[in-house]
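**Q** What shape does this take:
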Amino acid sequence: MSSRRAFDTACGRRRARVRCTGCARWGRLSYPATKRAAMTTMKVPGSGTRARNESVILEAAERIFARHGYRGASVQAIAEAAGLPKSNVLYYVGSKRELYVSLLERMMARWNAMLDDIDEDDDPGEVLESFIRSKMRLTQQHPQGSRLFAAEVLQGAPFLQSYLHGELREWVRSRARIFERWAEKGLMDPVDPVWLIFLIWSATQHYADFEAQILGITDQAQLDDGYYRAITDFLCQVILKGCGVRAPSAT
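**A** Here you go, the predicted structure:
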């Protein structure tokens, strides 16, 4: 995805100036150049103490926003969850709006990094399996980020309209064109590539967003590593078979 993008905030009233992950500029999101680089923290120009405080603030804010949404969350609640004075939170992140947008950016950068640098010469089985496994790892490791994004979308995505209608739309179209080329080459069945991306997004994020439902139905206290490994293998098997491609281990 392009690094020349800043999220609109407050329904497009202004652009947020946020210190985004892996980016040396304010208000820009810089995506990794390689598949292995998933962004996890804000750009930290200062000391170790600053890095620790920013990390604590981000994690606390993710929990508070995911639980209460943007309107229901407050900087004071985030400060209390982080164990820091409110003034420190504002010093590091600027405002509630800037913090909220930076968290949305961080989550989407993590999710889509795996497909950023694919091309039609790649093996579709390897790409799809890697994407599914990457998304499931993120679901297990960062469930609050997934719930935060879901809550934003359920509210009509007021902070994401320009991004959804602009850059993300173009990103999906560009990935879809690669899937179509694979189908033309006979490397996969001619499935609708946009629906396929939607399917992978929804199937993988389900285990964070609807965890309470899953725990209730399966009568488990938590979704442990073994459960995630099993469901990841299941999703890879079903989705790859449905697309007419073979898993890398089967080739």
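**Q** Run through the strands of the stretch 1-150 of the chain in chain order.
**A** 8-9, 14-15 (DSSP state E, counting those that start in this stretch).
**Q** Average pLDDT for the last one, rounded please.
**A** For strand 14-15, the mean per-residue pLDDT is 34.
**Q** again with the first one
**A** Across strand 8-9, the average pLDDT comes to 36.
**Q** pLDDT below threshold where in this structure?
**A** 1-47, 249-251 (pLDDT under 70).
**Q** quick check: longest helix of it.
**A** helix 48-72 (DSSP state H).
**Q** name the helices or strands packed onto it?
**A** helix 75-82, helix 86-93, helix 96-116, helix 143-154 (3 or more C-beta pairs under 8 Å, 6 or more residues apart in numbering; DSSP states H and E). C-beta: built from backbone N, CA, C; applies to glycine.
**Q** Name the stretch among these that sits most buried.
**A** A comparison of these by mean neighbour count, using mean count of other C-beta atoms under 10 Å, puts helix 96-116 on top with a mean of 23.
**Q** Let me know the angle separating that helix from helix 86-93.
**A** 40 degrees (axes from the mean of the first three to the mean of the last three C-alpha atoms, to 10 degrees).
**Q** Mind giving me the packing neighbours of helix 96-116?
**A** Short answer (3+ C-beta pairs under 8 Å, 6+ apart): helix 96-116 packs on strand 8-9, helix 48-72, helix 75-82, helix 86-93, helix 124-141, helix 143-154, helix 167-184.
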